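Trainee: the amino acid sequence is not available; the structure is as follows:
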């Protein structure tokens, strides 16, 4: 006993094995032998003390005089969810070489040098909208930037809510909270805000309130009210779609650097800054783009040569929050664990 238990890796849980006679009465003085079905997941001592080794599920058996009993043991990660706050900032339509190795975006380049850079990261398609859906739905879904319908496929919001996590989309120049009309309004473009198409959002008045203007972001940061998952959408100028890379870089430094330096982020934050697609490259669908990860738990000065696409970003953003179900292409996408310290 107990018949099932959960233990964190590196921690222990005590099991008890009590031999009984045919009438169910305890038998004293009997020797109990313990065994684990997989000692790589958990070990068990001669006294029934189970030690978690690595996440997984195993069976512990107790045997005495030919009779056996079992307990199902689940070993969980030692820290539960690795992060409590995940942030994604998406920039627009730029080739990898226009940023890395150039002087166009000194602030972003400094983050790439200091933290983690994926040197073989490729967008999935052209134009924009399908890449944004791959980051959030795990499927291109459409390549029509003028798409005016909804998306009912499995998606990041559905999985976050199932796992009890919170989320917001912070879109610069969003006309109002809950605004989800397709198209452009001023410098806001719905095609850069995939959450505004998800049926899990637009058909739920509660979730609709998580579509907020970016002006809410510094307030939430200052008040300790940031959700677990934040999707940050600069406007058409500040994401380098209509304005220069220098403008986008200055926006990042003004608006994202305070986040990085905050106590909240330094405790348990993960930030990804990436481009939705390249400008003129069609390799692997959407061309080679910049992908930078910033976190106190990220390896410093790390460059990866592994091939990744947007479905791996979707997988990472959920996995980082302890979510274990991944929508569509994210289910089989390569993990991005290499960027983080063990």
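Mentor: Nice, I can see it. Bear in mind that the values here come from a model prediction, so they are computed numbers and not experimental data.
Trainee: what's the helix or strand hosting residue 221 packed up against?
Mentor: Here residue 221, judged by DSSP states H and E, is contained in helix 216-222. Packing partners of helix 216-222 (3 or more CB pairs under 8 Å, 6 or more residues apart in numbering; DSSP states H and E): strand 167-171, helix 257-260. All C-beta spots, glycine's among them, are computed from the backbone N, C-alpha and C.
Trainee: what are the pairing partners of whatever helix or strand comes next after that helix, and which direction each?
Mentor: Using DSSP H and E, the helix or strand that follows helix 216-222 towards the C-terminus is strand 229-233. The strands beside strand 229-233 in its sheet (DSSP bridges) come out as strand 85-91 (parallel), strand 167-171 (parallel).
Trainee: now render those strands as CSV, adding mean pLDDT.
Mentor: Shown next, in CSV, are those (pLDDT from 0 to 100):
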stretch, mean pLDDT
strand 85-91, 98
strand 167-171, 98
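Trainee: which of the helices and strands packed on helix 216-222 is buried the deepest?
Mentor: Of all the helices and strands packed on helix 216-222, strand 167-171 carries the top mean neighbour count, a mean of 23, counting by mean count of other CB atoms under 10 Å.
Trainee: give me the mean pLDDT for the following helix or strand past it.
Mentor: The first helix or strand that comes after strand 167-171 along the chain, using DSSP H and E, is strand 184-185. For strand 184-185, mean pLDDT rounds to 97.
Trainee: tell me the SS of residue 273?
Mentor: Of the three states, residue 273 takes strand according to DSSP: H, G, I helix; E, B strand; the rest coil.
Trainee: use 563 as the first number from now on
Mentor: Yes, from this point I'll number from 563; that puts the last item at residue 835.
Trainee: show me what contacts residue 889?
Mentor: Counting by CB atoms under 8 Å, 6 or more residues apart in numbering, residue 889 touches 699, 700, 701, 715, 716, 717, 718, 720, 721, 876.
Trainee: switch to 10 Å and redo it
Mentor: 698-701, 715-721, 873, 876-877, 880 (CB atoms under 10 Å, 6 or more residues apart in numbering).
Trainee: what's around residue 666, how many residues?
Mentor: Counted with other CB atoms under 10 Å, the neighbours of residue 666 add up to 17.
Trainee: element containing it?
Mentor: Assigned by DSSP H and E, residue 666 falls within no helix or strand.
Trainee: and residue 896, by the same measure?
Mentor: Residue 896 belongs to no helix or strand when assigned by DSSP H and E.
Trainee: quick check: it touching residue 870?
Mentor: Yes. With contact defined as CB atoms under 10 Å, residue 896 reaches residue 870; the gap is 6.3 Å.
Trainee: filter the contacts of residue 889 down to just the ones in helices.
Mentor: 698, 718, 719, 720, 721, 873, 876, 877, 880 (DSSP state H).
Trainee: now those residues as a markdown table including neighbour count and pLDDT?
Mentor: Output for the ones in helices among the contacts of residue 889, formatted as a markdown table (neighbours: other CB atoms under 10 Å; pLDDT from 0 to 100):
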| residue | neighbour count | pLDDT |
| --- | --- | --- |
| 698 | 28 | 98 |
| 718 | 27 | 98 |
| 719 | 25 | 98 |
| 720 | 18 | 97 |
| 721 | 22 | 96 |
| 873 | 24 | 98 |
| 876 | 28 | 98 |
| 877 | 23 | 97 |
| 880 | 23 | 96 |
